[in-house]
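> return a 3D structure for these sequence lines:
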Amino acid sequence: MASSAGNAPSVGLPAESSRFVGRSRELKQLSNLLTRARLVTVTGVGGAGKTRLALQAARRGRQAFPDGTAYVSVADLQDGELIGQLVAGAMGLTGAMHRWTADMLAVQIGDRRMLLVLDNCEQMVGPCADLVDTLLRVNPRLTILTTSRELLAVPGEHTFPILPLTVPAPDCPLEAFGQYDAVELFVERARSVLPTFELSSSNHRQVAELCRTLDGLPLALELAAVRLRALSLEQIVELLIARPDLLDGARRGGPLRHRTLTASMGWSYDLCEPKEQLLWSRLSVFSGAVELDAAEAICADDDLPAFEIMLLLTSLVDKSILIRDEAEGRVRYRLLQTIRQFGQSILEASPAAVLTWRRRHRDWYLEVVRQTFLDWRTGSRNERLRILCDDIANLRAALEFCVEQPGESVAGLTLASSLYHYWLLTGLIGEGAYWLERMLATAIAASSERIRALYVAASLATVRGDTASAEPMLDEAAQLCEQLDASEGRAYVTEGRGLLALVSDDTALASELFADAIGQFEARDDNSAAAFANALFGIVSMLRGESEKVAEAHIRCERMTVPYGESWIWSFSLWASGIDAWNRDDTDTALEMLSAALRLKRPLQDRLGVAECLEGLAWVTATAGQLHRAAVLLGAADGVWQRMGMSAATVPAFRRNREESAKLARRLGLRPFQTAHREGRQMTVEAAVAYALKESGPSFTMGDGVKPTKRERQIAELVAEGRSNQEIADTLILSRRTVEAHVQHLLTKLGFGSRSQIAAWVVHQRAAAEQDSSA
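Numbering: from 1, shown residues only. As a prediction, this is how the structure comes out:
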């Protein structure tokens, strides 16, 4: 018979080899969960720190388990029948038992109040689940904490998923780095290698880039820190992308699966079913996130039917391979960079397979772009635009494939030029020019695709004010049109020359060319191009003071866009009509139309359009005598222009309007003008739009003497920085639900209806405080 080792099983938690860093919020939540749940499974990708967090929570909660804590690692077990032996050994049970069964263990545990920690259960999910199920049913005072890359699926199981550590954004200031766990962990481990290592203004950007490149994965960060023995921080950052194996062999101690990233990923890969492995490797062609329809279209074939993709995605989420993100009713799946690189290494075993799946990826996004910008009268253009804004990483991957792969440059020309309106809308005009330059350098043969690419490249150069580059590109496009007898190309070249004339202040020529382009597009039944050219005609007519033509263009544009739910081109027509009303001293109509245009541009994330609307509203308010508001709006516009690397001075008439408006606003006095201008420039785009639409402003105060609490003000400040509820929760060590409640209370207390109003309110409170202190 077996005998008990005493009244209480022994405490057998492994000693810590290094200081536990970060995850204070998760540690608090997990510790609290262990006081009310009998089975908790900590899940997460390999290397996320599941074991460290579980052990830390077990140490913190020892007092709640007077009969002891037992720890068992299942990682190296090959025979599930032996799990009972490991548990018995951890509990200090001895005897001549040939095999400890769950029932035998249950008898020994009895009614003891204790904690059993089962680590790395993914290796033996079935046997672990059977053991846990039996023990929980028989032993009512037993609590079990497990770690696993997938769930045990036992009744009563509480899942505690952990994500990689928080990482700073590219523009995060040094003083804010302390709130990011990934930075704290890397610096801590770096000091163990280089005691003199310090986070400073000279290296904080490299540290941030390293943390982002490694997705905040603790194991990866620790392995990277070890490399500081031989490499500089700059070298590590540069080599990480080119050398996925850089971190292999960085560590000798610890479990084999944690000595290299490749070993950790291989461990997860071996736990997947063959079809899950297949999907993992194919998903590695995506950059960023992927939606279900894209995964089905790109990854399916005879070996992996499309109807199985959804269940396989769910399974990969359950096994902590994929991360599931949901926003605005859309679910997207993403691979961490380290997991994606491992999938790529599997895929690259067959170069032909890599080519096949990357081409399918490119073809899918080429069709998505085509449907968005060419088939725009389907009524779903606006939604597609929003989706494309989230897919920039995949678009870049598709474009890079076209550059790298011989024979794909013509498709690259089509993709880069079809994104013309996207480059304008997002403000990524310089990037669009970059891709077109690369494509044009490789696809040199005369073709209709080259004509359109030259037109788009010239137009982007014109918008940036680089007319010297635009003109020769349009000349080449015109020559190719004659050579190929390309009537469609002639229409685009005509429009491009009109835009060049507009920026060159030759409005008479611009008007003539835009009118010509409209006729050519309409003759070809190219409604999208005709609508866009019509909006440009309205703008140049406004600049020429031809109000009747502005009105006619506005009516035509409405007919071409509004019935089909198109709002981007329509917003340009509203903007032109608003400025025309201002030119006619009709301030009310001007404000109404400019505000309407801005409301349309906001959900589309149209940064260029937002900047233009802020400019227009600044001009109108300045001449209306609202000098402080005009100064704030000018500053807000400057902030948006600056983020895009552009200026309002591209069009001479716009430059003159801005100079005159700024001159009027300076009547406030130099210091008040500078304060108001700085207030606007520091606004986020969201806050600037809210202010411009008078959703919030300096006059907003809370009635009845109500003031936000200290916690509410903290949350409001983070909302103003553009943080999500989850990011705020991570920063303040709160649950997401608590943050959501605080935000809702703030909205109610302030009488607001959106987060953008909170953001604008914070900006104005700061400005008011600054004015008070300087008074």
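> so S459 sits in a helix?
Yes. Remark: S459 belongs to a helix, assigned using DSSP: H, G, I helix; E, B strand; the rest coil.
> can you get me a residue count around it?
Neighbour count of S459, defined by other C-beta atoms under 10 Å: 25. Just so you know, the C-beta spots here come from the backbone N, C-alpha and C atoms, and that holds for glycine as well.
> how about the contacts made by it?
Contact analysis of S459 by C-beta atoms under 8 Å, 6 or more residues apart in numbering lists Y420, A470, E495, G496, L499.
> export the residues you listed to CSV and tack on pLDDT, secondary structure and neighbour count?
As requested, the contacts of S459 are exported to CSV (pLDDT from 0 to 100; DSSP: H, G, I helix; E, B strand; the rest coil; neighbours: other C-beta atoms under 10 Å):
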residue, pLDDT, secondary structure, neighbour count
Y420, 92, helix, 21
A470, 95, helix, 26
E495, 96, helix, 26
G496, 95, helix, 26
L499, 94, helix, 26
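> for N725, state which of the residues you listed is nearest.
Y420 (35.4 Å; C-beta to C-beta).
> how much space separates the residue nearest to that closest one when sequence neighbours are not counted from W435?
Distances taken as C-beta to C-beta, 6 or more residues apart in numbering put V456 closest to Y420, at 4.4 Å, once the chain neighbours are dropped. Counting by C-beta to C-beta, to the nearest Å, the gap between V456 and W435 amounts to 10 Å.
> please enumerate the helices of the stretch 1-150 of the chain.
In the stretch 1-150 of the chain, the helices defined using DSSP state H, counting those that start in this stretch lie at 24-34, 50-60, 83-90, 102-109, 125-138.
> I would like the residues contacting the longest one, please.
With contacts defined as C-beta under 8 Å, 6+ apart, helix 125-138 is touched by 38-39, 74, 80-81, 83-84, 87, 102-103, 105-106, 109, 116, 118, 121, 142, 144, 146, 148, 150, 152-156.
> make a ChimeraX selection of whichever of those residues turn out to be buried.
Selection of buried members from those for ChimeraX, criterion 16 or more other C-beta atoms under 10 Å:
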select :38,39,74,80,83,84,87,102,105,106,109,116,118,121,142,144,146,148,150,152,154
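> quick one: end-to-end distance for stretch 195-215.
One end of stretch 195-215 to the other measures 25 Å (C-alpha to C-alpha, to the nearest Å).
> what's in contact with it?
Stretch 195-215 is contacted by residues 164-165, 167-170, 172, 174, 177, 180, 182-183, 186-187, 190-191, 220-221, 224, 228, 233-234, 236-237, 240-241, 336-338 when judged by C-beta under 8 Å, 6+ apart.
> where does the stretch 151-300 of the chain dip in pLDDT?
Low-confidence segments of the stretch 151-300 of the chain, defined by pLDDT under 70: 241-261.
> could you redo the last one with a cut-off of 80?
Flagging of the stretch 151-300 of the chain using pLDDT under 80 yields the residue ranges 170-176, 178, 229-230, 239-265, 267.
> tell me where it has strands.
Counting by DSSP state E, counting those that start in this stretch, one finds strands in the stretch 151-300 of the chain at the ranges 158-161, 289-290.
> out of these, which comes closest to R524?
Per C-beta to C-beta, nearest to R524 of these: strand 289-290, 35.6 Å.
> contacting residues around that closest one?
By C-beta under 8 Å, 6+ apart, the surrounding residues in contact with strand 289-290 are L283, D325, R332, Y333, R334, D390, D391, A393, N394.
> so the second one, which state does it fall into?
Secondary structure, three-state DSSP: D325 is strand.
> domain map for the chain?
Following the assignment in the TED database, the chain carries domains at 24-161, 174-265, 272-349, 379-558, 606-693, 710-773.
> rank these by pLDDT, which is bottom?
Mean pLDDT is lowest for domain 710-773 out of those, coming in at a mean of 72.
> residues in contact with D580?
Counted by C-beta under 8 Å, 6+ apart, D580 has contacts S541, M542, S547, V550.
> go through the residues you listed and flag which are in helices.
S541, M542, S547, V550 (DSSP state H).
> rewinding a little: report the buried members of the contacts of D580.
Burial by neighbour count, 16+ other C-beta under 10 Å: within the contacts of D580 this picks out S541, M542, V550.
> can I get these in a markdown table with distance to S567?
Listed next are the buried ones among the contacts of D580 as a markdown table, based on distance: C-beta to C-beta, whole Å:
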| residue | distance to S567 |
| --- | --- |
| S541 | 21 |
| M542 | 20 |
| V550 | 19 |
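> circling back to that earlier point, select only the buried ones of the contacts of strand 289-290 in ChimeraX?
Only the buried entries of these go into this ChimeraX selection, using 16+ other C-beta under 10 Å:
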select :283,332,333,334,390,391,394
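> determine which two of the contacts of strand 289-290 are furthest apart.
L283 and D390 (16.6 Å).
> any idea how far M646 is from Y420?
To Y420, M646 is 16 Å away according to C-beta to C-beta.
> one more: D526?
Per C-beta to C-beta, D526 is found 14 Å from Y420.
> same check, this time on S528
11 Å.
> so what sits against both of these two?
Counting by C-beta under 8 Å, 6+ apart, the residues touching both S528 and Y420 are F373.
> grab the longest helix from the chain for me.
Looking across the chain with DSSP H, the single longest helix is helix 351-373.
> which elements pack onto it?
Applying 3 or more C-beta pairs under 8 Å, 6 or more residues apart in numbering; DSSP states H and E, we find helix 351-373 packed against helix 292-299, helix 337-347, helix 381-390, helix 392-404, helix 409-418, helix 420-426.
> quick one: common contacting residues for V456 and W435?
Between them, V456 and W435 share these contacting residues under C-beta under 8 Å, 6+ apart: A416.
> tell me the secondary structure at L594.
Judged by three-state DSSP, the three-state class of L594 is helix.
> quick check, it in contact with V620.
Yes. With contacts counted by C-beta atoms under 8 Å, L594 reaches V620, the gap being 6.8 Å.
> for the residue positioned nearest the centre of the chain, give its distance to W435.
Nearest residue to the geometric centre of the chain (C-alpha atoms, centre = their mean): D390, 6.9 Å. Look at D390 and W435: by C-beta to C-beta, they are 19 Å apart.
> same check, this time on V40
48 Å.
> the more surrounded of the two?
Shown here are V40 and W435; by other C-beta under 10 Å, W435 has more neighbours (25 against 21).
> what distance do you get for that one to L355?
Distance, W435 to L355, using C-beta to C-beta: 21 Å.
> what does I346 give?
In this view, I346 and L355 are 15 Å apart by C-beta to C-beta.
> check R681 too.
Using C-beta to C-beta, we find R681 at a distance of 48 Å from L355.
> do the same with L484
The gap separating L484 from L355 is 30 Å, by C-beta to C-beta.
> do the same with A37
Using C-beta to C-beta, we find A37 at a distance of 49 Å from L355.
> between the two, who's got more neighbours?
A37 (17 against 13).
> could you pull out the helices for the stretch 151-300 of the chain?
181-193, 204-213, 218-226, 233-242, 261-270, 274-283, 292-299.
> now those as CSV including distance to R490?
Output for these, formatted as CSV (distance: least, C-beta to C-beta, whole Å):
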stretch, distance to R490
helix 181-193, 54
helix 204-213, 46
helix 218-226, 54
helix 233-242, 43
helix 261-270, 54
helix 274-283, 43
helix 292-299, 36
